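Okay, predicted coordinates and the sequence, questions at the end:
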Amino acid sequence: QAQLVESGGGLAHPGGSLRLSCTASWFPLETSVIGWFRQAPGREREGLICIHTNNQRSTYYLDSVKGRFTGSRDNAKKTVYLQMNSLKPEDTAVYYCAPLCGKYVDHYTSWGPGTRVQVSS
């Protein structure tokens, strides 16, 4: 299983924005669906959005991020993004990407290091 690497997390104020990136040095991101997931403290890791190989189509798994989070990909840069706007304290979590999609993917074991997002004033 491929391990992808996330980056771009940090501290944001409520209402602020962050853009997360997902890359892999050898995995062909451009030919794979990419899912973004997050794990908040004390909670199970859950899927947020699936970015299909057609850049214009995404599937959302969490209603609370619809209209605020947008997925996209830049195949030339072999990078998939998660643009997060109007951030809320409840978005605080470690965010992960993976070459599969779903609400819960317990069978996947090759998680990357994740990138931590903290939303607070």
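Noted; the coordinates are in hand. Please read all numbers here as calculations on a predicted model, not as lab measurements. Numbering: from 1, shown residues only.

tell me the contacts of residue 69?
Applying Cβ atoms under 8 Å, 6 or more residues apart in numbering, we find residue 69 in contact with 36, 48-49, 60, 82-85. Quick note: C-beta positions are derived from backbone N, CA and C, even for glycine.

7 Å instead?
By Cβ atoms under 7 Å, 6 or more residues apart in numbering, the contact list for residue 69 reads 48-49, 82-84.

Save these as TSV, and put in distance to residue 19 and pLDDT too.
As requested, these are arranged in TSV below (distance: Cβ to Cβ, whole Å; pLDDT from 0 to 100):
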residue	distance to residue 19	pLDDT
48	14	97
49	14	97
82	7	97
83	5	97
84	7	98
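
Can you redo these as TSV, where the extra columns are secondary structure, distance to residue 105 and neighbour count?
Output for the contacts of residue 69, formatted as TSV (DSSP: H, G, I helix; E, B strand; the rest coil; distance: Cβ to Cβ, whole Å; neighbours: other Cβ atoms under 10 Å):
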residue	secondary structure	distance to residue 105	neighbour count
48	strand	12	26
49	strand	13	20
82	strand	16	26
83	strand	22	14
84	strand	20	25
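
Between all of the residues you listed, which two are at the greatest distance?
Using Cβ to Cβ, the two most remote members of the contacts of residue 69 are 48 and 83, lying 12.0 Å apart.

returning to what we had before: which single one of the contacts of residue 69 is nearest to residue 121?
Set against residue 121, the nearest of these by Cβ to Cβ is residue 84 (16.6 Å).

From what I see, the closest one and residue 15 are in contact.
No. Applying Cβ atoms under 7 Å, one finds residue 84 not in contact with residue 15, separated by 11.3 Å.

ok, now how distant is residue 99 from residue 81?
15 Å (Cβ to Cβ, to the nearest Å).

Neighbours of the spatially closest residue to residue 111 that is not a sequence neighbour, how many?
Excluding the flanking residues, the one nearest residue 111 by Cβ to Cβ, 6 or more residues apart in numbering is residue 96, at 5.5 Å. As a burial measure, residue 96 scores 23 neighbours (other Cβ atoms under 10 Å).

Cool, thanks, talk later.
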